[in-house]
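K.L.:
One predicted model, sequence on top.
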Amino acid sequence: MFEIGINTGFALNDMLKLRVKDVKNKQYLVLENSKTFPLNNNMKELILTLIKDKNNNDYIFSTRQGKPLNRSTVFNSFRNICTELALHNYSVASWRKTFAYHYYQKYKDLSYLQWLFNQSTVEQTLQFIGVNENMNLRFREGVCL
């Protein structure tokens, strides 16, 4: 779940709703909100491992009884893991922030991240991913006619 979170930027609630039929033999994942995400080879391999021995209607992340995992259960489990590893200030939201930070460092595409996270301003997106960048100076330094 952690790997999918940091590689896609999916919200936890979206990941918990995924069923085998949503990911099996797919090139893209389409979420309920109609957002589409391409799957790279690493994600495809991970998904194959996750869905092995599961039926099409099974949840990818489920309890032993076959019900979807509860958001608070995942949150608490991750918090406990971080505590055991002496990692502070990490939560499930860190998965999305990790994706966003690395995506931004590679592509500098704030509009995609703003759309992905349903944020209304670029400033919100920069704050969310922990980037303190003066966009005004960046623009001015980059123009030379």
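P.N.:
Good, I have the coordinates. Residues are numbered from 1 along each chain as shown.
K.L.:
Could you tell me which ranges of this protein sit under the pLDDT cut-off?
P.N.:
Filtered on pLDDT under 70, the chain yields the residue ranges 133-145.
K.L.:
And the strands in it?
P.N.:
Applying DSSP state E to the chain gives strands spanning 28-30, 36-38.
K.L.:
What are the boundaries of the helices in this structure?
P.N.:
Listed in chain order, the helices of the chain (DSSP state H) span 2-8, 12-17, 20-23, 41-51, 71-84, 93-107, 110-116, 122-129, 135-142.
K.L.:
so which of those gets nearest Asn57?
P.N.:
Of all the helices of the chain, it is helix 20-23 that lies closest to Asn57, at 6.6 Å by Cβ to Cβ. To be clear about C-beta, it is placed using only N, CA and C from the backbone, and glycine gets the same treatment.
K.L.:
neighbouring contacts of that closest one?
P.N.:
The contact list for helix 20-23 (Cβ atoms under 8 Å, 6 or more residues apart in numbering) reads 29-30, 39, 47, 51, 54-60.
K.L.:
closest one to Lys35 among the helices of the chain?
P.N.:
helix 110-116 (7.0 Å).
K.L.:
Count the residues that sit near Ile129.
P.N.:
21 (other Cβ atoms under 10 Å).
K.L.:
Name the nearest residue to it, ignoring sequence neighbours.
P.N.:
Ala100 (4.2 Å; Cβ to Cβ, 6 or more residues apart in numbering).
K.L.:
State the number of residues packed around the one you found.
P.N.:
24.
K.L.:
pretty sure Glu3 is touching Leu46, no?
P.N.:
Yes - with contact defined as Cβ atoms under 8 Å, Glu3 counts as touching Leu46 (5.8 Å).
K.L.:
These two: which is more packed in?
P.N.:
Leu46 (16 against 12).
K.L.:
who's in contact with the more buried one?
P.N.:
By Cβ under 8 Å, 6+ apart, the neighbours of Leu46 are 3-4.
K.L.:
give me that answer again for 6 Å
P.N.:
Contact analysis of Leu46 by Cβ atoms under 6 Å, 6 or more residues apart in numbering lists Glu3.
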